[in-house]
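**Student:** Sequence and predicted model, in that order:
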Amino acid sequence: HSSGSSTFSRCRALTSVGGALKVEGAQSLFKMRGGSMRFSDCWAFSNGGALFVMKGLRQQGGDIELMNCSSTSQGGGIYIGLRDGGNLEQDAGSISLNKCYVAGGDFQFGFGGGISVGDSVRQSGTIRLENCHVEGGSGGGMKVRRMLNVSGSMSFSSCRATKDGGAFTADSVYVEGGAKLSFDKCRAKAGGALKLDMGFEQQGGDVSFRNCSTWNVGAQVLKLMSENARHGRGGGAIWIRNGNLTQTAGGLRFYGCGGVKGGAVYISEGHLILKGGKQDYVECVASSGGGGVFLHKGHVFQQKTDLTFQSCKAQRKGGAVDVSHGSYYQSPGTLLNITKCVARDHGGGLFASESLHLADVDFRENFAWGSGMAAIARDDVVMDSMHFTGDGESVISAPLVVVQKTVNCTASQQCRLRAREVQVNEFLCPIGAGRYKGRLAEGCLPCVAGRVQILEETNASCAPCPSNSFCSAQYLRAFPGYMLSSDNISRMYHCPNSMACPVGDLP
């Protein structure tokens with residue numbers, strides 16, 4: 001038990017654990033109810049550079065501070081529990097670590113540059129880790145063997161790991177209530193911030209990742225990489241090895257993250273399940289596929305969560321999302337906005353190796369050097385409706401494209417869906433463009449010389465310019481003494497009373 005104030009400086013455990021303080025034995029639960037404990041420049045040969053606790057640590061108040069503490073195996077600052085036990089339970093108070101690390105060398109596998117926990121963490125106070133790292137191992141800030149349950153405040157800044165999880169590694173993370181979890185400038189070879197074996201679940205709170213990346217992957221640069229890609233793996237912010245990312249409430253945001261597969265998120269053999277809340281991906285970059293998200297052998301289920309991608313880029317497929325060996329399913333009533341995303345190969349916005357089943361999508365100024373400016377699928381694309389902004393020779397590309405309601409192309413002069421079969425109820429074309437239907441494409445195309453379209457939102461094709469008029473693609477002037485048919489603007493009538501038909505400009 002501790003409720004007073006203690007200070008430990010330059011303490012050493014030359015052949016053992018716990019550089020400053022060691023609590024062990026069958027009943028070795030360390031409880032802190034108040035006061036403060038400060039550790040600086042402490043070191044342990046094995047585990048727990050400053051503090052080693054055999055059974056568990058429970059904090060009900062007070063402050064624990066560690067500065068520049070280290071070990072050579074696990075827990076550069078704090079080590080809790082044996083391999084199959086030991087929990088960190090924080091009901092209140094704060095724990096802060098700065099410049100703590102594990103220096104195991106390239107041939108050892110260290111864990112938890114700041115904190116290593118043998119079982120689980122239940123946290124509702126405040127935990128801060130800054131500039132913590134692992135040399136030759138995983139979990140630059142923290143290693144948790146099983147679950148991290150967050151309902152308080154946790155922040156990781158400039159933490160790094162030579163292998164996985166620049167901020168921390170765990171089986172799973174559970175975020176709830178008013179939790180605030182933030183990651184800034186964390187990096188690792190795989191999972192720049194988080195490496196999780198079983199999954200991530202958010203039922204509330206706010207989670208943000210800023211400028212997290214895998215090794216040697218610059219999040220702001222697109223000239224990425226065949227050389228740099230070999231130094232890192234997927235997930236600039238999160239790598240889930242075998243499980244789901246599930247969100248039912250709260251906010252999840254990624255800014256300027258960069259990875260190899262998945263500039264922000266890489267999920268292997270699992271799903272992205274979105275049941276509520278909001279997700280934003282801004283300026284995230286991947287050197288392979290999925291500028292924002294990459295899924296391998298899994299699906300996206302967007303059921304209620306609103307999802308936005310802004311200025312994300314991929315060197316290969318899916319400027320925003322790459323679903324490899326899977327499909328994307330969006331339920332009606334959800335928002336999917338993809339703006340200014342780029343892929344050097346195919347699918348400026350979305351790529352799916354199977355199918356895309358979308359409700360209402362807003363594609364704005366996306367681009368791909370190959371096909372599918374907005375999206376591409378190897379199987380079918382089925383949508384309720386779509387809004388497209390920009391110019392696209394091939395906006396959507398798939399074997400079959402079905403749009404049950406409307407494709408709104410009024411903010412584009414060229415907007416075509418490319419497929420062996422296109423089934424669209426209605427295109428809305430802008431002034432100067434009309435509905436076009438070819439053998440392998442259908443959409444809105446600019447009117448060629450000698451044809452005109454003067455309606456603002458129409459499913460009509462370009463019409464031949466009438467005689468006795470001045471006509472361009474989006475402008476029509478009838479000569480004096482003539483009038484147009486409202487049903488067919490290509491047809492011109494002579495007015496019996498020329499004074500009743502002065503010069504007329506349309507639109």
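**Tutor:** Nice, thanks for sending it over.

**Student:** what's the spacing between Val422 and Ser385?
**Tutor:** 15 Å (C-beta to C-beta, to the nearest Å). To be clear about C-beta, it is placed using only N, CA and C from the backbone, and glycine gets the same treatment.

**Student:** More neighbours: those two, which one.
**Tutor:** Val422 (22 against 19; other C-beta atoms under 10 Å).

**Student:** Looks to me like Met467 is in a strand.
**Tutor:** Just to correct that, residue 467 is Ser rather than Met. No. Assigned with DSSP: H, G, I helix; E, B strand; the rest coil, Ser467 falls outside any strand and is coil.

**Student:** Run through the bridge partners of Glu201.
**Tutor:** Tyr174, Thr246 (DSSP bridges).

**Student:** In terms of pLDDT, where does it sit?
**Tutor:** Glu201 carries a pLDDT score of 97 in this model.

**Student:** tally of neighbours for it?
**Tutor:** 19.

**Student:** Who are the contact partners of it?
**Tutor:** Ser172, Val173, Tyr174, Val175, Asn244, Leu245, Thr246, Gln247, Thr248 (C-beta atoms under 8 Å, 6 or more residues apart in numbering).

**Student:** show me what contacts the closest residue to Leu194 other than its chain neighbours?
**Tutor:** Among residues not flanking Leu194 along the chain, Ile238 sits closest, at 4.7 Å (C-beta to C-beta, 6 or more residues apart in numbering). Neighbour list for Ile238: Gly191, Ala193, Leu194, Leu196, Phe200, Phe209, Leu245, Ala264, Val265, Tyr266 [criterion: C-beta under 8 Å, 6+ apart].

**Student:** Adding secondary structure as columns, could you present the residues you listed in a markdown table?
**Tutor:** A markdown table is the format used below for these (three-state DSSP):
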| residue | secondary structure |
| --- | --- |
| Gly191 | coil |
| Ala193 | coil |
| Leu194 | strand |
| Leu196 | strand |
| Phe200 | strand |
| Phe209 | strand |
| Leu245 | strand |
| Ala264 | coil |
| Val265 | strand |
| Tyr266 | strand |
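
**Student:** Nearest to Met373 among those residues?
**Tutor:** Nearest to Met373 out of these is Ala264 (C-beta to C-beta; 21.9 Å).

**Student:** State the phi and psi torsions of the residue nearest to the closest one when sequence neighbours are not counted.
**Tutor:** Distances taken as C-beta to C-beta, 6+ apart place Phe254 nearest to Ala264, at 3.9 Å, with adjacent residues excluded. Dihedral angles of Phe254 (phi, psi; degrees, to the nearest 10) stand at phi -130, psi 130.

**Student:** quick one: the helices in the stretch 251-400 of the chain?
**Tutor:** Defined through DSSP state H, counting those that start in this stretch, the helices belonging to the stretch 251-400 of the chain form an empty list.

**Student:** which stretches of it have low pLDDT?
**Tutor:** In the predicted model of the stretch 251-400 of the chain, residues 391-394 satisfy pLDDT under 70.

**Student:** again, but for the stretch 1-150 of the chain
**Tutor:** In the stretch 1-150 of the chain (pLDDT under 70), the answer is 1-3, 26-27, 82-85, 104-109.

**Student:** Identify the residues contacting the residue nearest to Ala286 when sequence neighbours are not counted.
**Tutor:** The shortest distance from Ala286 to any non-neighbouring residue, by C-beta to C-beta, 6+ apart, is to Gly263 (4.2 Å). Gly263 sits next to 219, 236, 254, 257, 281, 284-286, 290-292, 312-314 when contact means C-beta under 8 Å, 6+ apart.

**Student:** let's see it at 6 Å
**Tutor:** Gly263 makes contacts with Gly236, Cys257, Cys284, Val285, Ala286, Gly291, Gly292, as judged by C-beta atoms under 6 Å, 6 or more residues apart in numbering.

**Student:** can you check Ser138 too?
**Tutor:** Residues near Ser138 by C-beta under 6 Å, 6+ apart: Phe111, Ala161, Lys163, Asp164, Gly165, Thr169.

**Student:** Turn those into a markdown table, columns for distance to Ser46, neighbour count and secondary structure.
**Tutor:** Shown next, in a markdown table, are the contacts of Ser138 (distance: C-beta to C-beta, whole Å; neighbours: other C-beta atoms under 10 Å; DSSP: H, G, I helix; E, B strand; the rest coil):
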| residue | distance to Ser46 | neighbour count | secondary structure |
| --- | --- | --- | --- |
| Phe111 | 12 | 30 | strand |
| Ala161 | 19 | 36 | strand |
| Lys163 | 20 | 23 | strand |
| Asp164 | 22 | 28 | strand |
| Gly165 | 21 | 33 | coil |
| Thr169 | 19 | 31 | strand |
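
**Student:** and of those, the nearest to Gly75?
**Tutor:** Looking across the contacts of Ser138 and measuring by C-beta to C-beta, the closest to Gly75 is Phe111, at 7.6 Å.

**Student:** and the residue nearest to the closest one when sequence neighbours are not counted, what are its bridge partners?
**Tutor:** In space, and not counting its chain neighbours, Phe111 is closest to Lys143: 3.9 Å by C-beta to C-beta, 6+ apart. Counting by DSSP bridges, Lys143 forms beta bridges with Ser116, Thr169.

**Student:** Does Lys143 touch Gly114 like I think?
**Tutor:** No. Between Lys143 and Gly114 there is no contact under C-beta atoms under 6 Å: 9.0 Å.

**Student:** of the two, who's got more company?
**Tutor:** For Lys143 versus Gly114, the count of surrounding residues by other C-beta under 10 Å is larger for Gly114: 36 against 29.

**Student:** Please report the distance of that one from Lys31.
**Tutor:** 21 Å.

**Student:** for Val401, what are its contacts?
**Tutor:** Residues counted as contacts of Val401 (C-beta under 6 Å, 6+ apart) are Val381, Leu417, Ala419, Val422.

**Student:** SS state for it?
**Tutor:** Taking three-state DSSP, the label given to Val401 is strand.

**Student:** Which residue is the nearest non-sequential neighbour of it?
**Tutor:** Ala419 is the one closest to Val401 (C-beta to C-beta, 6+ apart), at 4.3 Å.

**Student:** quick one: that neighbour from Gly49, how far?
**Tutor:** Distance, Ala419 to Gly49, by C-beta to C-beta: 61 Å.

**Student:** of those two, who's got more company?
**Tutor:** Comparing Ala419 with Gly49 by neighbour count (other C-beta under 10 Å), the higher total belongs to Gly49, at 39 against 20.

**Student:** Am I right that that one is in contact with Thr72?
**Tutor:** No. Contact criterion C-beta under 6 Å: Gly49 and Thr72 do not qualify, at 8.9 Å.
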